[in-house]
Structures are given as C-alpha cells and as structure tokens.
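Trainee: sequence-free structure coming up:
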Ligand SMILES: Cc1cc2nc3c(=O)[nH]c(=O)nc-3n(C[C@H](O)[C@H](O)[C@H](O)COP(=O)(O)OP(=O)(O)OC[C@H]3O[C@@H](n4cnc5c(N)ncnc54)[C@H](O)[C@@H]3O)c2cc1C
Ligand SMILES: Cc1cc2nc3c(=O)[nH]c(=O)nc-3n(C[C@H](O)[C@H](O)[C@H](O)COP(=O)(O)OP(=O)(O)OC[C@H]3O[C@@H](n4cnc5c(N)ncnc54)[C@H](O)[C@@H]3O)c2cc1C
Ligand SMILES: Cc1cc2nc3c(=O)[nH]c(=O)nc-3n(C[C@H](O)[C@H](O)[C@H](O)COP(=O)(O)O)c2cc1C
Ligand SMILES: Cc1cc2nc3c(=O)[nH]c(=O)nc-3n(C[C@H](O)[C@H](O)[C@H](O)COP(=O)(O)O)c2cc1C
Ligand code: FES
Ligand code: FES
C-alpha cells in the first residue's frame, strides 16, 4: 500500500516563464523529488498567494533535469493565475511524486503511440524521453497556441503529428483523426502481411501476426488530455484491440488517496467500483474504465 | 449629514518604505483625495493581497504633499504585514478622507499641546504643519524605535518632548509625565501672574487671566494613541480644566458609519449614547467620553 | 432586457438590494454610489424606541467573513422618521424598512407606524437577529411565534411584507411555509448564523456579547442551500443573501431560486458591490441571451 | 508538562486527532508524517457492507472551505479489517473507528464487530453525515433516534463511545445531553454543515449529490459556538473540530470547552497540520506556564 514514495517539501522556483499564450513552464529545484519521478506521475502544488482558496492543485510532472523538475501549465482559474504571477526565487509547497504513471515502453516491445490534447502533452514528455523506442506523438489542440512542446518531441526524434480544430497548425480536425488513420493503415498493412504470408509458407513470426493478440502487441497507446478525448481514444483502442493507458484528469482534493474526491468507475471482477485517480491512477487501462457510469 | 466629502479610489503606491523597526511610510498618489484632507482624518485601506481577511484597515492620514498623501503604519497583524510587502507601483483601494478631525488651531488662540503615543504621531503631523501657532509635542513610546517623526516636528519648529518607557530615548516614563509637568508649571506661572496682578492695578488683559475660563483658553490638548493613554490624557485635561481633543482608536469595519462597529459612549443631555468613531469621530471632546462605560 | 422584479405589489427596477444593517440608512453611502441605481435600499433594523445596542467589541473579522453583535442600535421609529426619512423619501427607489420588536404587539405597532408614514416600499420583519436577548431570532425559530408576528403585521398594513428568515433551524421549509401561510409576500434568506470567536491570549470572547452572527462569503454555501430548499417549499418570491461579493454570487442565488438578492457584508469592504452586481447580471443576461431576469430564478438543473 | 487527555477510559498522549474522512485509514499519510505522534487516528466512516459512495463531482472548493458529498465510500467492516487493520494495529497510538449504519441495528452490529476485533481505541458514532439518504444525519437530528443509536451501541461494547454531532439542529444542548444520557463517553463537534454550490454557466449543482457538507476554516466560528454551548450542557469530554488550521485554532476550541480536537480539511492541503498543532499547543503551554493541557479546556472568560 505504500507503493509510491512521495515527499512533502517547500521548494524554490528556478523559473516560471510563459511558454505560448496562456501556458507557462514552472521549474522547481527539488533534488530528492526529482530522483523519484516516474513518467505519468504528478505533483500536488500549494499556491500560497491564493486568497480564500485552500486546496492544492495537481499538475503532471513535465520534465526532470538534474536536481529540478518542471510542470507545464495553462492558466485557467484562480490557482493557475496566481501561480503565473510568482517569480524565480519564490517558494511553493509540493507533494510529489504522486500517483501511478505509465507502463514504461520496453526495448523491442510495442511501439508507443502518444496522444495528447492541450496540457496533456506535459504528462507525455518523460515517457517519450525515457522510452528506449521512438514512436509517434499525436498532438491536438483548439488552435496553434495549444500545441505544446512540438520541438521538444521532435528533438527526441519522435514523429509528431499535429492537429488543430481550427486548422491553424497541422492537420485540421481532432487528434483522433490521424490516430485512426495510423491504426487503420497499420491494420491494413498487417492484413496485407497476413494475406501475403497466408499465401506463402508461414514463419513463426508471421504466425503470431495472425492472432489479434499480435496486432495488439504491436502498438500501445498512451493518452492524456480532456476526458472526451480520452473516451474517444479509449473507444478507438477497443475497436482496434490495442492496449491503451489513459491519464485521467479528475478534480482532486487531497491528492494522496484519503478524501475519495477523484474517483472514477473501474471494472472489477463482477461489477465496478470507484477507484482513486490520485492513487490507483492517474493512469488507467482504458479497457477497465466504465465510461457509461461517468458523466 | 453629508458633512465630510469622501471618495473611493484605487490609487498608486508611490513608495512604501520602512521608517524605524516595524514602522513603514506609505505614500499614495491621490490628487483628489489629497486636496480634501483635514488634520485628524483617516483613510480606509483595502489591502488586496490579504488572504481570507476581507475588511479594510483604517489609518490616520500622516502627510499631504502635492498630489500625494501618506500614512505611517506599524506592522501588527496580517493586514499591515501584507501592506508592508507591497511595493511602489502597486495599487490599493482607499476610501478617504474620513471622519471628523481636529479643530484647527487659530492664530493667537490656544497653544496646541500635542500628545502622541506610537503611531499616534501620524495623526498629529498635519495639525502641527497647518497650525499657525507652534506648540509642544509630547511623544511617548515603549522604546527608542517607537518614537516617530521627531525630526519632522522639530523641523516645523515645534518643541518636542520625548519619553520612553525604558528610558532608551528622552525622559524615562509615560508621555503624561512631561505633559503633567508642563500643565503644572503653566498653572503656577498663571497663579504667580495672578498674585502679582492682584497686588497691583489690574489691566484688562490681566482681568481675563483671573477667570478659570482664561486658564482653559491658554492651551488645547490634542492627543492620539492607545486608549489607556487617551484616558489618562482626558483625565489630566479634566483636572486642569483644559480642553482636549482625543483621536480614538476603535476597531472599524465599514469606516463610513453604516455598521455601528466603532462606537464609544458619549455623553448627551440626559445620559449617554453610542457614537461612531468613524463618523462623529475619530476626534472627540475628552469631556464627553464616558470612560466608565468603556472597557 | 427586463431586470425588474416584483416583491408582492412592489416593483423593483432590478433585483439587487442592500442587506439591512450593512447600509445604514442609505445616506452614509450616498457620496460613494448613486443610490437610485439600486433595486431598493433596506435600512438597519428599527424598533419602536431608540436602542443603544451592545457593548463593544461588536464585530470581529474571521476567515472569509465577519461576526457581528451590534445589538440593533437604532434611533427608534420617531428618531428614524426625523433623522433619516427626509433623505430617504427623496430617493427614486423604494426604501424597505427592516423592523423588529420584543413582543408580537411591538412588531405590529412598528408596522402600523410605517404603514401610516406613507411612501415606504415594503416592510421586512426581522425575526432572526441572533444578537439580542428579547426579540429577533426568538420569533424566527418558533413556528407559532413566527406565524403570529407575520399574521399580526399583516392585519395592520397592506405594504408588502418580507419575512427575514433565521438559518438556525433544523429545516427551513416549515418556517418558510409558516411565513407564507401567515401572509408574508416574500422571504429574505438568510440572516447571520450564530457564531463565536475567542481570543486565546486573554481567553475572552472577541465580542462583548460573547456570541454573534456570522456573515460574508463563508456562509454563502449555507445560504444557497437554504434558498434552494425554501424555493421548493413556497410560491412567494425569495430575496437571497449571504456572502454576495459579485454578480456570479448573486446569479448563483437566483439560479437556486431567489427572485432578488441583497448585498450585505461586501458593502463594508467594497461599497461599489451592489452596482457591480447589477452590471454583471446585465452582462450575464446578454451572454446567455436572456430577455427577463426572472428566467434566471430557480433555473437550477436538478433532477426531481 | 502533561498533554495527555482522557476520552472515556481511553488515554491519548495528546489531544490532537485527525477528523474522520480526512485521513483515510492512516496508511495513506504514513510517508508524510509520523502517525505515532498523533493523539489518535480516526478512520473514514465504515458501515457493515462495502459502500460505493456518490457519483462525482464529490467535492467543491468554496471561500475558505470545501463542500463534500463523498457518500461514505468504504470497504465495509470485513474489507476494512482485511485491508487496513493489519497496518493500523501496528501503530502505537489508538485507532478510533468512525462507524455508521442505515438502521439502529446496523450501528449496533458494526459496534459489536469492532468490539470483537480487539485493539480498537474507541468508536465514533457518525450520526451526522449529511450526504447519504439513509443513515447519518437522519439519526443525529432526531432526539429519540440519537438516544436509541447510542444506547444500543452502548449495550454491545465497553469501548469508549464518541457521538459525532450534527450542527444542523436548532440548538445543540438537548442533543448533547441525549447522547450523554444514553451512555456516550464523549462528543465530537462538529460534522459538516449542509451546503450547496451551483455552476451558473451550466446551472448544474457543483456536486453530483446536489448538496453536501461544508467544512474548513469558514465553519470554525459556528463550531466554536456549538462546542461552547455543548460544554455548558454536558459533563463528558468534547472533541472540537471544524476548520482547525493551526495551534491557535485548536486552542480556541479547547478554551471554548473542548478536551481534545481533530484536524480535518486542513490535512488535505497541509498534511503536517496535526503535528504543527501539537507543537503549537506545547509552546502555548510553555508561554502561559501551564502544566496540564486540561487547564486550557473550558477556560473561556465569560461571566455567567
Ligand atoms: C492528474 C492531473 C494532472 C494535471 N496536469 C496538468 C498539467 O500538466 N498542466 C495543466 O495546466 N493542468 C493540469 N491539470 C489540471 C490542473 O490541475 C487544473 O487546471 C488546475 O487545478 C486549475 O486550478 P485553478 O485554480 O487555476 O482553476 P479553478 O477553476 O479556479 O479551480 C477550482 C478548483 O477546481 C480544480 N480544478 C479545476 N480544473 C481542474 C482540472 N482540469 N483538473 C483537476 N482539477 C481541476 C482546482 O484544483 C480547484 O480545486 C492536471 C489535473 C490532474 C488531475
Ligand atoms: C482612526 C484610526 C486611525 C488609525 N491610524 C493608524 C495609523 O496611523 N498607523 C497605524 O499603524 N495604525 C493606525 N490605526 C490602527 C490600524 O487600523 C491597525 O493597526 C490595523 O487595522 C491592524 O490591521 P492588521 O490586519 O495588521 O491587524 P490584525 O490584528 O490582523 O487585524 C484584525 C482586525 O482588527 C482590526 N484592528 C486591529 N488592530 C486595530 C487597531 N489598533 N485599531 C483599529 N482596528 C484594529 C483590523 O482592522 C482588522 O479588522 C488606526 C486605527 C484607527 C481606528
Ligand atoms: C453588521 C451587520 C448588521 C446587521 N444588521 C441587521 C439588521 O439590523 N436587521 C437584519 O434583518 N439583518 C441584519 N444583518 C444581516 C444582514 O442583513 C444579512 O442578512 C447578512 O449579513 C447576510 O448577508 P451577507 O453575508 O451578505 O452580509 C446585519 C448584518 C451585519 C453584518
Ligand atoms: C471529504 C470529507 C469526508 C468526511 N467523511 C467523514 C466521515 O466519514 N465520517 C464523519 O463522521 N465525518 C466525516 N467528515 C467530517 C469531518 O470528520 C469533520 O467533522 C469536518 O470536516 C469538520 O472539520 P474540518 O472543518 O476541520 O474539516 C468528512 C469531512 C470531509 C471534508
Ligand atoms: S484526491 Fe483525495 S482521494 Fe484522490
Ligand atoms: S466602522 Fe462602521 S460605523 Fe464606524
């Protein structure tokens, strides 16, 4: 039960600068925390200058570098607004790292397909950086300014596919559009391969390709973004029988599993139960989420 | 009833600097307000960075210079602490000028005796500056750092008499000590004059000196400071039959007369009633305050 | 765009009033804002005779709120009429008189006096002040007394009667219905909530009266719930109040079921609040394409 | 310097507990603070069977507070004993079980089960949760039901019984006395206050459960008053809670009449709060030259 090692510390702001538009990057000096972080985990941040709002705010851990870690956040309300006004040298209290992150991609394992909407990109960087295999990043947003870290992912050598709803950057449409296209093309390639191989003598490798399981093993989806996007990705993954890990964005209160605010319905043997996004999650296996019970 | 013209404005901080120890001087650019200020009035200041505390804080108006006015404040709690952290260029909302201040000293009228404890000095400066007559300032404090504006009053050409409770500056003791001494010496001088003149032929001027009323008219006490000090000053003024105007320091809420928080018991024809420090005051005639009913 | 609302037979140009006891007698704020922009001015609670009120300290600041125990200091009916009515009657917006008594008879007598005065917009029966030993909340937390106060005042006046409800009851619905049944034209919800603060250094209560009433943003979630519950229980309009700081707060009360709102404690720190609320309601209506402010009232989406 | 306090026959090394539902089952915070420094660990409310709880959203932040409607999600008695008891029983400080039921019989049965378990410090009867349709506050706002729950639990266990009081009553004194008379060894005051928040853009309540319970600093002045009133009404010790953020808050509850305190909502944003409170109480005792923490309890200077 003491699965995830976490620390509560008051740490120094190294920098807090605007990225694009309403997005900021906050770098914190926190050597002990930085050393513990796994991709997909989050930090629970107390923004001291908040007036009558008491709760911490959860943010995915974006990058880890030496004795620092950073978050990439969008100003959407009083907490993030107040945070954006803080400067280098200031202090914030953080509880981190928290939650169960993504399954690490394995060398020679499934090809990672990352799907991110808006600040969902923040949850993905460490995964990509630490992955022994390069994959594809599907990144979507409403408009050009919502497309974050394109450069960073390209610098890692990943294939970045951009979509915007207004078409101001990359392909016009939702992020699921190129994802679907990619999965379809992979399926038809496989089907092609299958047909070819069925026509010829079957090798052991081609044998495994015949089974649906094989199709599944070839790629693994990792997604983070708004819930409707995650739901769509989950559905696509189901349709294609591809494993998908979704990092869920639920309102949180304690962040450590005591208050039971952040629950989502998760399938269990005979039914479903509410599990905590902050503790059992934020990353859940898409197949286990009972979407019908969520609003 | 619309006696005091007041304004609510968000104004800029010109400077906010430490005076001595825990005292700060805040200068605000507020041309319209500055033009209206009378000695003894106060400003009701909203300190925006306060967290869950909502109310404005009242401060005597210290100095007026061109299009600015200033306050001199001591950090004693969350509001003044937060204020002290604000810097030039920042903004505060003020409602000012508020309250009924001191009676202006008249040329050839009573000699003003100012009595101040701690930040009470702040309420006195404008009075001294605008007085056509120079007088004496009795200033007291716990220790050296509580003695404010000594230089400023000296620069105005006033006689400044300092007391500290620990003797670290000026005379050791309470501020009432030199006040009492001064009043005693004035009385005995007058008695002297009286005796002399009674022995000789009486001039018209000496005639007026014979009546108690004459004694009263020679000095007028103006006081601001902690309530026990004001009470002591009020008593002394009564004993010597000298008029005294006391600027009362009561907790305030609205500052404009609607909430009835800041009341003190004031003698009326047949009894007493609660009057508002923010509206009928902060300056009251010492003779009218019903000390027994105050805590 | 129609912002006017109806409280009994009284028509207000907009739904934003000020809460009794937080706006004096109007005149005090006349320099800082144009009173004629308000929905109505509600004056500090008045009884027959002058009232000295409680000893000081009378208020204490707490987290996101204030506790007060003023003790209904006031000039009495005659004093009010002499000192404040000449100014108030010149206003273009109605004055609502908040009144109280120590007996049912006194409530009725004060109501009669203000009925006779002429020109008063409505009477608000304060049966919920927690800070006086006799009168106030004593009447608002007893179903029979409440009904009697309202009924007896009803007999002496045709002015709209607003009953100012106490939150300090186990359930507000029966009290709301009792006031409605006894002839109240509207309900004001809520008065302050009984509360206390102690200075740990001196061990003394921070208020001379020991206890007081809690107001301000801290009580808003309680007030919203009470308005929502009362709105389900009665047909008469509700004036929502408790911690309103801005238009969003006011609209929240209206969505919960209030036909009008009152700004209270916020006046003390931001006297422009009532006007900001009116402007904000207008903006909200524009944004949401609403023609009449009553489309907001009771629009909360709760499955029955 | 003696910080220990007595709750029935249970001795606590210091008067600072954590409030049920804000500390999970202890284990979750074990990495962030030394649980063995606490007065006691109070676990989330448990009934006989597992409880799924309410739909989400379950909490919403409000001015200086929080509204929650968790709906008492929990593993049930067996699940608790399997999953959490092995850890809790290793602690050097007592575990207090917060329990509830949908019938008087269920309360007693859960009490019996925990009595039989052995090693439990005390039982806290949650008769005051506002967020469940059956059970909870239903029992704490009805004098007869309250007395029956306490009496029936009393029959099945010698463990100290703490009754967790609802603030949503017109007057707490009779309820406090009813719990005392029925055999309760202590009272916890207070549970959350019924409240509501609405999203004005969507018109939807911000909680799936529509209403919830208000907690945090915003309710402290209400809780202090209730503790003060209950302390005048009963002889049994009171555990004060509601918005405690620091030692000064805790001491204020004690001065008002509490023998012990619990830190609730503050754990969510500052998990070190309980330890800071303990340290601060020690400092306060030193500063004021107090030898025993019980010198603080009920020391409020109010003229009778
Ligand atoms: C696991 C996780 C990871 C996240 N990672 C990021 C990230 O990397 N970058 C980023 O910009 N944002 C991230 N978010 C969302 C971020 O927590 C919210 O944007 C933030 O809490 C908003 O706070 P506020 O005070 O500015 O907004 P307000 O709307 O004023 O907040 C009011 C309350 O609602 C909560 N809240 C509001 N929006 C959200 C939300 N979307 N998710 C959870 N709680 C919310 C706040 O925490 C607060 O309690 C993440 C959320 C979760 C749960
Ligand atoms: C007419 C008047 C003139 C004043 N002039 C000055 C001045 O020139 N310089 C100066 O330093 N101080 C002055 N004060 C006192 C000043 O208002 C308080 O020191 C200040 O309000 C403390 O606020 P805080 O938030 O720092 O303290 P806190 O103790 O945190 O304040 C809590 C609450 O108590 C009130 N309060 C606390 N102390 C006082 C006090 N002594 N008087 C009134 N309210 C108080 C606060 O306004 C606030 O509502 C004056 C007070 C009055 C009434
Ligand atoms: C200082 C003060 C005085 C009050 N006096 C009265 C009063 O005389 N009559 C009355 O019915 N309500 C009185 N109230 C209650 C308010 O009218 C209002 O119901 C309450 O403050 C809740 O609104 P708010 O949170 O916006 O302040 C008073 C409130 C305060 C803060
Ligand atoms: C999220 C949450 C869950 C709670 N769950 C319980 C519970 O299971 N049983 C109970 O008796 N009280 C429960 N409470 C009430 C607290 O124990 C406490 O009485 C209340 O929060 C007041 O204290 P606070 O203001 O310090 O939080 C809960 C409170 C919160 C905020
Ligand atoms: S946020 Fe409290 S349990 Fe997840
Ligand atoms: S502070 Fe409100 S009347 Fe004086």
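Mentor: Alright, I've got the coordinates. This structure is a prediction, so every number in the text was calculated from the model and none was measured. Numbers count the residues shown, from 1 in each chain, chains lettered A, B, ... in the order given. Ligands and ions are numbered 1, 2, ... in the order given.
Trainee: got the contact list for the residue in the stretch 1-150 of chain C positioned nearest to chain A?
Mentor: In the stretch 1-150 of chain C, the residue that lies nearest chain A is residue C:64 (4.8 Å; Cβ to the nearest Cβ). Yep, even glycine has a C-beta here, placed from its N, CA and C like the rest. For residue C:64, the contacting residues are A:52, B:52, B:54, C:216, C:217, C:218, C:243, D:63, D:64, D:65, D:217, D:218, by Cβ atoms under 8 Å, 6 or more residues apart in numbering or on different chains.
Trainee: Show me what the strand or helix carrying residue C:176 is packed up against.
Mentor: Residue C:176 is part of helix C:173-181 when elements are defined by DSSP states H and E. Helices and strands touching helix C:173-181, by 3 or more Cβ pairs under 8 Å, 6 or more residues apart in numbering or on different chains; DSSP states H and E, are helix C:143-156, strand C:186-189, helix C:220-233.
Trainee: Now for residue A:16, how many residues are close by?
Mentor: 22 (other Cβ atoms under 10 Å in any protein chain shown).
Trainee: Please determine whether the helix holding residue C:176 lies in contact with ligand 3.
Mentor: No - with Cβ under 6 Å from any ligand atom as the criterion, ligand 3 is not reached by helix C:173-181; the gap is at least 13.9 Å.
Trainee: quick revisit: tell me which of the helices and strands packed on helix C:173-181 is the most buried.
Mentor: Of the helices and strands packed on helix C:173-181, the one with the most neighbours on average (mean count of other Cβ atoms under 10 Å in any protein chain shown) is strand C:186-189, at a mean of 29.
Trainee: Paired strands for that one, with orientation please.
Mentor: strand C:161-164 (parallel), strand C:238-240 (parallel) (DSSP bridges).
Trainee: ok, is it in contact with ligand 3 or not?
Mentor: No - where contact is defined by Cβ under 6 Å from any ligand atom, no part of strand C:186-189 touches ligand 3; the two come within 6.8 Å at best.
Trainee: Kindly report the same for stretch C:158-165.
Mentor: Yes - applying Cβ under 6 Å from any ligand atom, one finds stretch C:158-165 touching ligand 3 at residue C:164.
Trainee: Can you get me the centre-to-centre distance for that stretch and its chain?
Mentor: Remark: stretch C:158-165 is offset 10 Å from the chain centroid, using Cα atoms, centre = their mean, to the nearest Å.
Trainee: what's the first-to-last distance across it?
Mentor: By Cα to Cα, to the nearest Å, the extent of stretch C:158-165 from end to end equals 20 Å.
Trainee: which parts of that stretch are buried?
Mentor: Buried positions in stretch C:158-165, judged by neighbour count with 16 or more other Cβ atoms under 10 Å in any protein chain shown: C:159, C:160, C:161, C:162, C:163, C:164, C:165.
Trainee: Show the pLDDT at the residue of the stretch 1-150 of chain C closest to chain A.
Mentor: In this prediction, residue C:64 carries a pLDDT score of 97.
Trainee: which residues touch residue C:103?
Mentor: So residue C:103 contacts residue C:135 (Cβ under 8 Å, 6+ apart).
Trainee: rewinding a little: would you turn the contacts of residue C:64 into TSV with distance to residue A:46?
Mentor: Formatted as TSV, the contacts of residue C:64 follow (distance: Cβ to Cβ, whole Å):
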residue	distance to residue A:46
A:52	14
B:52	15
B:54	22
C:216	24
C:217	21
C:218	21
C:243	24
D:63	17
D:64	15
D:65	16
D:217	15
D:218	18
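Trainee: what would those look like in a markdown table with secondary structure?
Mentor: Below are those laid out as a markdown table (DSSP: H, G, I helix; E, B strand; the rest coil):
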| residue | secondary structure |
| --- | --- |
| A:52 | coil |
| B:52 | coil |
| B:54 | coil |
| C:216 | coil |
| C:217 | helix |
| C:218 | helix |
| C:243 | coil |
| D:63 | coil |
| D:64 | coil |
| D:65 | strand |
| D:217 | helix |
| D:218 | helix |
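Trainee: can you list the weak-confidence ranges in the stretch 51-200 of chain C?
Mentor: Judged against pLDDT under 70, the stretch 51-200 of chain C has no low-scoring part.
Trainee: try it again with 90
Mentor: Within the stretch 51-200 of chain C, the stretches with pLDDT under 90 are C:128-141.
Trainee: where along it do the strands fall?
Mentor: C:59-62, C:65-68, C:95-99, C:122-126, C:161-164, C:186-189, C:193-196 (DSSP state E, counting those that start in this stretch).
Trainee: hey, which of those strands is tucked in deepest?
Mentor: Comparing these by mean neighbour count (mean count of other Cβ under 10 Å), strand C:65-68 ranks first with a mean of 31.
Trainee: Is ligand 6 within reach of that strand?
Mentor: No - on the criterion Cβ under 6 Å from any ligand atom, strand C:65-68 is out of touch with ligand 6, staying 10.2 Å away.
Trainee: and that strand, what does it pack onto?
Mentor: Checked by 3+ Cβ pairs under 8 Å, 6+ apart, strand C:65-68 has strand C:59-62, strand C:211-215 packed alongside it.
Trainee: Could you give the number of residues near the residue lying closest to residue C:134 once chain neighbours are set aside?
Mentor: Closest residue to residue C:134 apart from its sequence neighbours, by Cβ to Cβ, 6 or more residues apart in numbering or on different chains: residue C:102 at 4.3 Å. Applying other Cβ under 10 Å, we find 17 residues neighbouring residue C:102.
Trainee: from what I can see residue C:102 touches residue C:135, true?
Mentor: Yes - the criterion here is Cβ atoms under 8 Å, and residue C:102 meets it with residue C:135 at 4.2 Å.
Trainee: Surely residue C:17 is within a helix?
Mentor: No - per three-state DSSP, residue C:17 lies outside any helix segment and is strand.
Trainee: Any chance of the strands paired with strand C:186-189 in JSON lines with distance to ligand 1 as columns?
Mentor: Formatted as JSON lines, the strands paired with strand C:186-189 follow (distance: least, Cβ to the nearest ligand atom, whole Å):
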{"stretch": "strand C:161-164", "distance to ligand 1": "32"}
{"stretch": "strand C:238-240", "distance to ligand 1": "23"}
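Trainee: That's all I had, so thanks and see you.
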